[in-house]
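Sequence first, then the predicted structure, then my questions.
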Amino acid sequence: MPKTTSVSLIEVLIMSFDSLWSNRLRTSLTMLGMIIGIAAVIAITSVGQGVQLATAQQIQALGSNVLLVLSGVSRSGGISLGGGSASTLTWEDAKAVRAQVPSAKGVTAFLQRGNIQMVYADQNTATTIIGTDIDYSDVKNIYPQSGQFFAQTDMDAASAVVVLGSKVRDDLFPSGESPLGQSIRIQNRRYRVLGVMESKGAVGTTDQDDRVYIPLTNMSSQVVGNNAISGVSISGFWVSASDSDELEAAQFQVSNLLRLRHNIIDPRFDDFRMINQVDTIAASNQVVGLFTVMVGAIAGISLVVGGIGIANIMLVSVVERTREIGVRKAVGATRGAILTQFLMEAIVVSAIGGCLGVIMGIGCAYAASGVFAFPFVVSLWSIFAGLGLSVAVGLVAGVIPARSAAGLDPITALRSD
């Protein structure tokens, strides 16, 4: 009995292939909706996961164990100008955090201004200038790829020295020309190039390579002026912990220390703002994940359209093959055999379309990862889900046509043209 059942299923499968092959164009068009639907779901899922991984890698490259403390918010006409727009933090605050916060492994202060003109020979570019201290490289995990960062002697003397981001180097200097030791003009003052930082790429809309670094003392006295009531005004400072688990403790300790120094009792009136890199990564992953699910669900609509196409074509096939069904029933084919054949045809169409869709989806994801430079990621669950959905859609779409074929009266079917 098992052998008879096996042969019967093989015969049904062969008959299904013969029927589909005899109508190749119609079968191909029927598969098209399924192919596009599965390919879209897999490609979108892969792209979403790749973007999510790339974003996490970029943020982690800046340090997953760091905390950013920004000065307060100023307002103009009721409009917030963003964190760091008010001079509420000083270099002395950063030094106090370094000395008094146990969870702070490293602290680096910075004073930042954007859209500052850099000039070398007949080339110029507008970029962001960051005045900082000698601990910046260690805290932010970014180091010169050539030359060196400025030293404590440069800080003490407020030396006119600069370290370039790789994009600024490319914008100002011809390919092959070393910028080391050359002089560039910043606000009509000459700065000697000490080094070029390694490339870190962009995080969101911020290009980490489109900036230059100078000593904080020079930045305060020569570029922006010292506008704090006392001490050196800064835009903020970075705090690094020994690991990401220590960030919460560091955040709590830094908050309390700054409130004591600034005489703040109610946390609602804090004149500083904190950004936790761990929270940034989690928020980014959540946003990208939700976007991927949403777009994937929209792409999944094409699977429904593909299923409707399969059901429609199979119904047409029942009408066209009415006489064939009548002959088969007349020679002894059971209702179950007719039902099985039409269901098998629908499943074969959807399964082949699903396989082709998986291949196309992986190809599109690979091409997108190359063009947009993010990691190529294809999860096995998306492939199995795609194949499973294609078979399920084919099965559901084939039920009504199969039942219609199985329910035909053989005498009526034989009389049909």
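Good, I have the coordinates.

Quick one: classify Phe149 as helix, strand or coil.
Following DSSP: H, G, I helix; E, B strand; the rest coil, we place Phe149 in the coil state.

Enumerate every residue touching it.
Neighbour list for Phe149: 134, 136-137, 143, 163, 194-195, 213 [criterion: C-beta atoms under 8 Å, 6 or more residues apart in numbering]. Placement of C-beta: from N, CA and C, glycine included.

Any quick PyMOL command for the buried ones out of the residues you listed?
Buried residues among these (16 or more other C-beta atoms under 10 Å), as a PyMOL selection:
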select buried, resi 134+136+137+163+194+195+213
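
Okay, and which of the contacts of Phe149 map to helices?
If you go by DSSP state H, those have 136-137 in helices.

From the contacts of Phe149, pick the one nearest Gly326.
Ranked by distance to Gly326 (C-beta to C-beta), the contacts of Phe149 are led by Tyr143 at 81.3 Å.

Surely the closest one and Glu198 touch.
Yes: using C-beta atoms under 8 Å, Tyr143 makes contact with Glu198 at a distance of 6.0 Å.

quick one: which of the contacts of Phe149 is nearest Val377?
Tyr143 (28.7 Å).

Is Val163 bridged to anything, and to what?
Gly195, Tyr213 (DSSP bridges).

Could you pull up the residues touching it?
Residues in contact with Val163 (C-beta under 8 Å, 6+ apart) are 144, 147, 149-150, 193-197, 212-214.

any idea how far it is from Gly147?
For Val163, the distance to Gly147 equals 7 Å [C-beta to C-beta, to the nearest Å].

residues bridging contact with these two, i.e. touching both?
Contact with both Val163 and Gly147 is made by residues 193-196, according to C-beta under 8 Å, 6+ apart.

Now tabulate the residues you listed in a markdown table and tack on distance to Leu290 and pLDDT.
Below are those laid out as a markdown table (distance: C-beta to C-beta, whole Å; pLDDT from 0 to 100):
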| residue | distance to Leu290 | pLDDT |
| --- | --- | --- |
| Val193 | 44 | 96 |
| Leu194 | 44 | 96 |
| Gly195 | 41 | 95 |
| Val196 | 38 | 95 |
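
Could you single out the nearest of these to Leu32?
Taking the shared contacts of Val163 and Gly147 together and measuring to Leu32 by C-beta to C-beta, the closest member is Val196, at 52.0 Å.

quick one on the thing from earlier: and the contacts of Val163 as a markdown table, adding distance to Gln253?
As requested, the contacts of Val163 are exported to a markdown table (distance: C-beta to C-beta, whole Å):
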| residue | distance to Gln253 |
| --- | --- |
| Pro144 | 32 |
| Gly147 | 36 |
| Phe149 | 28 |
| Phe150 | 29 |
| Val193 | 38 |
| Leu194 | 34 |
| Gly195 | 34 |
| Val196 | 36 |
| Met197 | 30 |
| Val212 | 32 |
| Tyr213 | 28 |
| Ile214 | 30 |
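
now, which of those sits nearest Val378?
Comparing the contacts of Val163 against Val378 with C-beta to C-beta places Met197 closest, at 33.9 Å.

Now do stretch 138-148, average pLDDT.
Per-residue pLDDT values across stretch 138-148 average out to 91.

meant to ask about stretch 352-368
Per-residue pLDDT values across stretch 352-368 average out to 87.

just stretch 328-345 next, same as before
When pLDDT is averaged over stretch 328-345, the result is 73.

buried stuff in it?
Buried residues in stretch 328-345, defined by neighbour count with 16+ other C-beta under 10 Å: 328-329, 333, 337-345.

can you give me the helices in the chain?
For the chain, the helices defined by DSSP H cover 2-22, 24-61, 91-100, 136-140, 152-157, 166-172, 216-218, 247-261, 277-320, 322-330, 335-372, 380-406, 410-415.

Nearest to Ala109 among those would be which one?
Ala109 lies closest to helix 91-100 among these, at 3.9 Å (C-beta to C-beta).

Report the angle between that closest one and helix 247-261.
Per axes from the mean of the first three to the mean of the last three C-alpha atoms, to 10 degrees, the angle that helix 91-100 makes with helix 247-261 is 130 degrees.

what sits up against helix 91-100?
The contact list for helix 91-100 (C-beta under 8 Å, 6+ apart) reads 69, 104, 106-109, 216, 230-234, 237, 239, 254, 257-258, 261.

now it, how far from the chain's geometric center?
Put simply, helix 91-100 sits 36 Å off its chain's centre (C-alpha atoms, centre = their mean, to the nearest Å).

same deal with stretch 14-26?
The answer for stretch 14-26 is 43 Å, by C-alpha atoms, centre = their mean.

Check the gap between Ile352 and Leu339 for me.
Per C-beta to C-beta, Ile352 is found 21 Å from Leu339.

Ile129 now?
Counting by C-beta to C-beta, the gap between Ile129 and Leu339 amounts to 76 Å.

How about Gly37?
According to C-beta to C-beta, Gly37 and Leu339 sit 26 Å apart.

One more: Ser159?
Distance, Ser159 to Leu339, using C-beta to C-beta: 87 Å.

right, and Tyr348 touches Ser16 too?
Not quite, residue 348 is Val, not Tyr. Yes: between Val348 and Ser16 a contact is recorded at 5.3 Å, counting by C-beta under 8 Å.

so what's in contact with the two at the same time?
When C-beta under 8 Å, 6+ apart defines a contact, no residue borders Val348 and Ser16 alike.

now stretch 254-270: mean pLDDT?
The model assigns stretch 254-270 a mean pLDDT of 90.

contacts for that stretch?
Residues outside stretch 254-270 that contact it (C-beta under 8 Å, 6+ apart) are 67, 69, 72, 88-89, 93, 96-97, 100-101, 104, 239, 271-272, 274.

Setting aside sequence-adjacent positions, which residue approaches Met31 most closely?
Gly353 (3.7 Å; C-beta to C-beta, 6 or more residues apart in numbering).

show me where pLDDT drops low in the stretch 51-200 of the chain?
Low-confidence segments of the stretch 51-200 of the chain (pLDDT under 70): 55-64, 73-86.

Give me the spatial nearest neighbour of Gln253, chain neighbours excluded.
Setting aside the residues directly before and after it, Gln253 is nearest to Val101 in space (C-beta to C-beta, 6+ apart), at 4.6 Å.
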